[in-house]
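Visitor: The sequence isn't on hand, but the structure is:
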């Protein structure tokens, strides 16, 4: 039985505005995006500013050393464009460096067979080729209005000041302090005396900050040199040198050869609505499969809708995991992803998900650049002979699922962090909006379930008993509370445009997440 309060209520206020809205999982990052809109920028400019700012302010979730994907809606042409900036395995990766240990399944995000020393999960050998900067750069090069350097200025300023370690940051750092202590540079950045997580005490006003000077220097060089300087110049040489010095295989050739992929989004017709999703090695096709199954279901009541969600998600994930070669129970391990959504006053939209993969990625910091590095190699199955088996120069299969939705006069951009929980959240919220007519505020406050493998539905314990009983006719149900930490459900962020009125919201339990308006509501 949970010890948490049963009378506490948490909500986020949603404001309607004709101006743009940025919904992100850190309020100051959303503010950086909103400032770009105030300066006359496009939704893409806001997305670039938000992306780099959130990499400084929430460094264990994403950053320039990560990967991800974004969908862009261009209101003037009605065009939906997908940019996949996912990570790749280095060309010099040697599969023999990742022998199976024979000790059973890994205890991190994926139940692969465990590798000796968890080399595919932690340490320099877990680092893949990052794609965030090229993804942002390609979007800015095509649609951006404001100078690249101006968009990186907020991130640089935050890095110069250093991220404030408040109670939430201290809690997150403490959760992996032992792992961070294994890398001297990660320990120096996140821990005190190389051992203890930074914090300010339970009753003190927080005043402890991370020393992100090296990251600020790197971002200033990137602002001057443009996005490709991350891959072709001094930054690339420093990054590859740092990783190789710690035993990884990332090389300058991997960085110089990296290009994000830009192309058409995948169309997903659904009743009287239309969704656009990421194609290829993402969770977009899984979302499409869920909605395909829901299309002929009666979702008129919660007692009918939630069992339908459970069944559709279970079948779609069984297909996805079967193709991945990922079988077995889903371990409870923290994911490391962030999502933000943007709409500008012209109706252009961006749904952007970026990640380091595990929380704190590889738990390795590049000392020269100040970047916390990804552990994208964990996305591959270390056993050979499977579709997603580890190999050199291979694209990672991602769980990211940004979507664009359209129904009559309403357009919306959604996405979430949360690893394999993402598809459950995004597909249900898409149904809440298109099947139940919910606005963005109602959709974000509505209780959800999670079905992401393992044969059990995890249900919000505020769902009525009649709904829980109906789900139990489909599969076993475990109830849990929607809390600040841990997240039993994914952590979404979204925006909506109804005619010429814009709104936005983030996960109601996220203490940092917020929707910031281009126009001051006062």
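Guide: Arrived safely, thanks for sending. What you see is a predicted model; the values in this text were computed from it and never measured. Numbering: from 1, shown residues only.
Visitor: make it CA atoms for all contacts and neighbour counts henceforth
Guide: Will do.
Visitor: so what does the host helix or strand of residue 53 touch, helix or strand wise?
Guide: Using DSSP states H and E, the element containing residue 53 is helix 43-57. Judged by 3 or more CA pairs under 8 Å, 6 or more residues apart in numbering; DSSP states H and E, the packing partners of helix 43-57 are helix 27-38, helix 132-143, helix 148-161, strand 335-343, strand 349-358.
Visitor: Quick one: closest of the ones you listed to residue 53.
Guide: Closest approach to residue 53 among these is made by helix 148-161 (4.1 Å; CA to CA).
Visitor: any residues touching that closest one, and which ones?
Guide: 32, 36, 45-46, 48-49, 52-57, 140, 209, 211-213, 215-217, 219-220, 223-224, 226 (CA atoms under 8 Å, 6 or more residues apart in numbering).
Visitor: please redo it, this time with the cut-off set to 6 Å
Guide: 49, 52-53, 212-213, 216, 223 (CA atoms under 6 Å, 6 or more residues apart in numbering).
Visitor: go on, stretch 221-235?
Guide: The contact list for stretch 221-235, computed with CA under 6 Å, 6+ apart, reads 133, 137, 149, 236, 255-256.
Visitor: Touching, residue 100 and residue 115? I think so.
Guide: Yes - if you go by CA atoms under 6 Å, residue 100 and residue 115 touch, sitting 4.4 Å apart.
Visitor: Those two: which is more packed in?
Guide: residue 115 (21 against 18; other CA atoms under 10 Å).
Visitor: returning to what we had before: who wins on neighbours among the contacts of stretch 221-235?
Guide: residue 133 (26 neighbours).
Visitor: who's in contact with it?
Guide: Per CA under 6 Å, 6+ apart, neighbours of residue 133: 64, 227.
Visitor: With residue 401 as the reference, measure out to it.
Guide: 19 Å (CA to CA, to the nearest Å).
Visitor: count of residues packed around residue 485?
Guide: Neighbours of residue 485 (other CA under 10 Å): 12.
Visitor: secondary structure element for it?
Guide: Using DSSP H and E, no helix or strand contains residue 485.
Visitor: what does residue 495 give?
Guide: Judged by DSSP H and E, residue 495 forms part of strand 491-498.
Visitor: Against which helices or strands is that strand packed?
Guide: The contact analysis (3 or more CA pairs under 6 Å, 6 or more residues apart in numbering; DSSP states H and E) places strand 491-498 against strand 335-343, strand 410-417, strand 501-506.
Visitor: Export those strands to JSON lines and append columns for distance to residue 518, mean pLDDT and mean neighbour count.
Guide: Output for the helices and strands packed on strand 491-498, formatted as JSON lines (distance: least, CA to CA, whole Å; pLDDT from 0 to 100; neighbours: other CA atoms under 10 Å):
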{"stretch": "strand 335-343", "distance to residue 518": "10", "mean pLDDT": "88", "mean neighbour count": "32"}
{"stretch": "strand 410-417", "distance to residue 518": "17", "mean pLDDT": "98", "mean neighbour count": "28"}
{"stretch": "strand 501-506", "distance to residue 518": "10", "mean pLDDT": "98", "mean neighbour count": "28"}
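Visitor: For residue 369, which of the ones you listed is the nearest?
Guide: strand 335-343 (20.1 Å).
Visitor: so what strands line up beside the closest one?
Guide: Applying DSSP bridges, strand 335-343 is found paired with strand 21-24 (antiparallel), strand 349-358 (antiparallel).
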